[in-house]
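Engineer: Build the 3D model from these lines:
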Amino acid sequence: MLSLPLIVTLTAAGVVIDRWFGEPRTAHPLVVFGKWAMRLEARHNRGRRLRLKGLLAWSLAVMPPVLIAWWLVAALPFFAACAVHVVLLWFALGARSLHDHIAPIAQALTQRDLAQARLLTSRIVSRDTSQADEAALSRAAVESALENGNDAIFGALFWFAIAGGPGALAFRLANTLDAMWGYRTPRYLRFGWAAARLDDVLNWIPARLTAASYALLGDTRTAWRCWREQAARWDSPNAGPVMASGAGSLNVLIGGPAVYHGVLEDRPTLGFGHPAKAAHIVAALMLVERTLVLWLAVLIVLALLSVPFHG
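Structural biologist: Okay, the predicted model is just below:
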């Protein structure tokens, strides 16, 4: 088991590498994983007992790489094992990628380049953005920044602190399968049930820690109220608290109508205050950045407290 001071050191190394390099640009492991997951889905998502088959497919996708990661960190010498932990955290993190994908949307909207903003937004959300106006694009970008702050950063950091690199890897793969299979559509409703529920379980504590962090680093009173009164309206038990708290913290309104696969969905409104605009996208990214700093600071303090003091 990793000591807390070592966890802090390895976490800082992973965060710095992600900040410098971002996600791997060639031969990204998630591309290979995604192809394998697609093959599993094509093979098992048919016939009867689809929930059981979905659980089996999830296990076949997630467990082998996680077990290999556990074996590596257990079998390798200390410094090599530490390097594996850091690489796995780097793989699981997406802080640089989150900023690189969302910040240009705010820039395009500020320059009144609606076509470019629609194109950029379509790359990060599953909703139809072809007719979206500035407010709709801003809402989508703010929602993505807040929710993916948890999914791409803080969930991975939480599980790294609990179980090192293999824990962060397991979280990232489970979250990826939820994004691929966790839809309530005829194709995935039963087969993707296990992927959606397992992601909910793994994300339950990180999402609430993220929501609390968002609340503490902005308009705290409004964030707590939005979390308490609005989160349950959202269909995701984890995205609801994160997005409601984040929107309340920023004093912005998100949610509302959006087109998915040609169907208009009247989603609940989250947050309080002003309609979303480009400035709120920047503010959401800054909130995620402050939260990252807060989490690292808390880890450092806990590590210092765990070191025996010899007077």
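Engineer: Can you tell me the element Leu264 falls in?
Structural biologist: strand 263-271 (DSSP states H and E).
Engineer: next structured bit after that strand?
Structural biologist: Going down the chain from strand 263-271, the next helix or strand is strand 274-275, by DSSP H and E.
Engineer: That next one: partners in the sheet, and parallel or antiparallel?
Structural biologist: Paired with strand 274-275 in the same sheet, following DSSP bridges, are strand 252-260 (parallel).
Engineer: could you give me the average pLDDT of the partner strand?
Structural biologist: Averaging pLDDT along strand 252-260 yields 90.
Engineer: Name the residues of it that come out as buried.
Structural biologist: Within strand 252-260, the residues that count as buried by 16 or more other Cβ atoms under 10 Å are 252-256, 258. Where C-beta positions appear, they are placed from N, C-alpha and C, glycine not excepted.
Engineer: Stretch 17-34 too?
Structural biologist: Buried-residue list, stretch 17-34, by 16+ other Cβ under 10 Å: 17-18, 22-23, 30, 33-34.
Engineer: Could you find the lowest-pLDDT member of these?
Structural biologist: Among those, Glu23 has the weakest pLDDT, 80.
Engineer: Name the SS class of it, please.
Structural biologist: State at Glu23, reduced to three classes by DSSP: H, G, I helix; E, B strand; the rest coil: coil.
Engineer: Contacts only, for it.
Structural biologist: Neighbour list for Glu23: 94, 96-97 [criterion: Cβ atoms under 8 Å, 6 or more residues apart in numbering].
Engineer: For it, give me the backbone phi and psi.
Structural biologist: The phi/psi pair for Glu23 (degrees, to the nearest 10) reads phi -70, psi 150.
Engineer: State the distance from it to Val242.
Structural biologist: Glu23 sits 21 Å away from Val242, going by Cβ to Cβ, to the nearest Å.
Engineer: which residue sits closest to Ala132, ignoring its sequence neighbours?
Structural biologist: Using Cβ to Cβ, 6 or more residues apart in numbering and skipping residues adjacent in sequence, the residue nearest Ala132 is Arg118, 5.9 Å away.
Engineer: give me every residue that touches that neighbour.
Structural biologist: 129-130, 132, 137.
Engineer: okay, those in JSON lines with distance to Ala108, secondary structure and pLDDT next?
Structural biologist: Below are the contacts of Arg118 laid out as JSON lines (distance: Cβ to Cβ, whole Å; DSSP: H, G, I helix; E, B strand; the rest coil; pLDDT from 0 to 100):
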{"residue": "Thr129", "distance to Ala108": "12", "secondary structure": "coil", "pLDDT": "92"}
{"residue": "Ser130", "distance to Ala108": "15", "secondary structure": "coil", "pLDDT": "89"}
{"residue": "Ala132", "distance to Ala108": "12", "secondary structure": "coil", "pLDDT": "92"}
{"residue": "Leu137", "distance to Ala108": "9", "secondary structure": "helix", "pLDDT": "96"}
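Engineer: can you count the residues close to Ala135?
Structural biologist: Residues near Ala135, counting by other Cβ atoms under 10 Å, number 14.
Engineer: Could you do Asp133 as well?
Structural biologist: 11.
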